[in-house]
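S.K.: Here is a sequence together with a model predicted from it:
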Amino acid sequence: MTETTSSEWTGTIDQVILGATKEEGGTRSCSYRIGGESDLPLLGTVPAGIRQPLIAFELCDDLHAWPQIVRHYVGDVADDPAAWSALAGKEYGADLIRLYLTSTHKRGFSDFNAVGTTVADVLRATSLPIIIEGSNEPDIDSEVFQSCGEAGQGERLLLGTAEASRYRSIAAAALAYGHSVVAQSPIDINLAKQLNILLRETGLPHDRIVIDPYTGALGYGFEYTYSVMERIRFAALKGDSDLAMPMICSAFDSLNVKEVRDAEPDLRDDAAVQWEFAAALAAAVAGSEIVCVRHPKTIPLLKEALSALNSGVRRAGGESP
């Protein structure tokens, strides 16, 4: 088998901008450019202004489906998504906030004004760029994403999640209000490409799509995800523009695996963090520009590890990592 070298790459990963500062028409304290690579992860030269991988802290507006170990660790603040998001930025050290509107997953949900209010409250509480995960029910997608998009207009949100069976509503909201979209496919490079094509056919441009290859926990499917992420990146660098988008990964099942559930009570937090850390770090090595976690203690471990990995990366313009 012939080894592919960087001299054979002809493609570049599209850059996607997340968040908007006051100068850019928003209220965020910073904005991020992700993507831009023309080599394999953590190799070659990273374009000026790019800082990655980024760490997104995941939280929700209704705890009914959230890992018990996080609820126990975080305490009462988890009942208030605005206060929780402020804490994630100021104390946990997250780069972004990923808000799951889990309230919309309940049967018969129809309070779409509340969705917009929650998004607006979180935007006021934190100055970090925001990822919003809306409904997973096609019948209410249009109203949910309309409300989210309008509440975050001007902030360059990342809206999720588009799937092959339900992508038009989220694409419409992103186009109407200036946001980007998470495109998720079930661990399959061909389905990832197909979904990107479908989104582009709605009018959504390349530079407003972020690929979610779908991530299982370590030992529960992550190994397959890793290989698919490698194939996506190889294809993009070889010139396949339909796959030349940055990636986001969340091994959200990491905190619910048997090894965490069955750990001794006084060791359960550490087990959860180690399981989540292992999947997130591996995802970054595979090429994910954003890795998402749910346990606050995972963030400092990841920051230390990513800093060490980034220490040898060359940056255009002589920037420090």
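M.R.: Received, thanks.
S.K.: Low-confidence stretches in the stretch 201-321 of the chain?
M.R.: For the stretch 201-321 of the chain, the stretches with pLDDT under 70 are 312-321.
S.K.: any idea where the helices of it begin and end?
M.R.: Ranges of helices in the stretch 201-321 of the chain, per DSSP state H, counting those that start in this stretch, are 222-237, 258-261, 268-286, 298-310.
S.K.: Any idea which of the ones you listed gets closest to L63?
M.R.: helix 268-286 (16.3 Å; C-beta to C-beta). C-beta: built from backbone N, CA, C; applies to glycine.
S.K.: Any buried residues in the closest one, and which?
M.R.: 268-269, 271-286 (16 or more other C-beta atoms under 10 Å).
S.K.: Does R28 touch R124 like I think?
M.R.: No. Shown here, R28 and R124 do not form a contact pair, counting by C-beta atoms under 8 Å, at 11.7 Å.
S.K.: Who has more neighbours out of those two?
M.R.: R28 (22 against 12; other C-beta atoms under 10 Å).
S.K.: hey, what's the more buried one bridged with?
M.R.: Counting by DSSP bridges, R28 is bridged to T21.
S.K.: tell me the contacts of it?
M.R.: Going by C-beta atoms under 8 Å, 6 or more residues apart in numbering, R28 touches 19-21, 127-129, 155-156.
S.K.: Strands - which of the residues you listed land there?
M.R.: Using DSSP state E, no member of the contacts of R28 falls in strands.
S.K.: Among the helices of the stretch 201-321 of the chain, which comes closest to S147?
M.R.: Relative to S147, the nearest member of the helices of the stretch 201-321 of the chain by C-beta to C-beta is helix 298-310, separated by 29.3 Å.
S.K.: The closest one vs helix 268-286, what angle?
M.R.: 30 degrees (axes from the mean of the first three to the mean of the last three C-alpha atoms, to 10 degrees).
S.K.: in helix 298-310, what counts as buried?
M.R.: Neighbour count says helix 298-310 has 298-299, 301-302, 306, 309-310 buried, by 16+ other C-beta under 10 Å.
S.K.: now the residues you listed as CSV including distance to E37?
M.R.: As requested, the buried residues of helix 298-310 are exported to CSV (distance: C-beta to C-beta, whole Å):
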residue, distance to E37
T298, 24
I299, 23
L301, 24
L302, 19
L306, 15
L309, 14
N310, 13
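S.K.: now, which of those sits nearest A83?
M.R.: Using C-beta to C-beta, the buried residues of helix 298-310 come closest to A83 at I299, 17.6 Å.
S.K.: Please look at the closest one and F57 and confirm they touch.
M.R.: Yes. Using C-beta under 8 Å, I299 is in contact with F57, at 6.7 Å.
S.K.: For the two, list the residues in contact with both.
M.R.: In contact with both I299 and F57: 92, 94, 293, using C-beta under 8 Å, 6+ apart.
S.K.: what's near enough to touch the nearest residue to R156 once chain neighbours are set aside?
M.R.: Nearest non-adjacent residue to R156, counting by C-beta to C-beta, 6 or more residues apart in numbering: A20, 4.5 Å away. Going by C-beta under 8 Å, 6+ apart, A20 touches 26-28, 31, 154-156.
S.K.: So what pairs up with the residue nearest in space to the middle of the chain in the strands?
M.R.: The centroid of the chain falls nearest to I248 when counting by C-alpha atoms, centre = their mean (4.2 Å). Counting by DSSP bridges, I248 forms beta bridges with I290.
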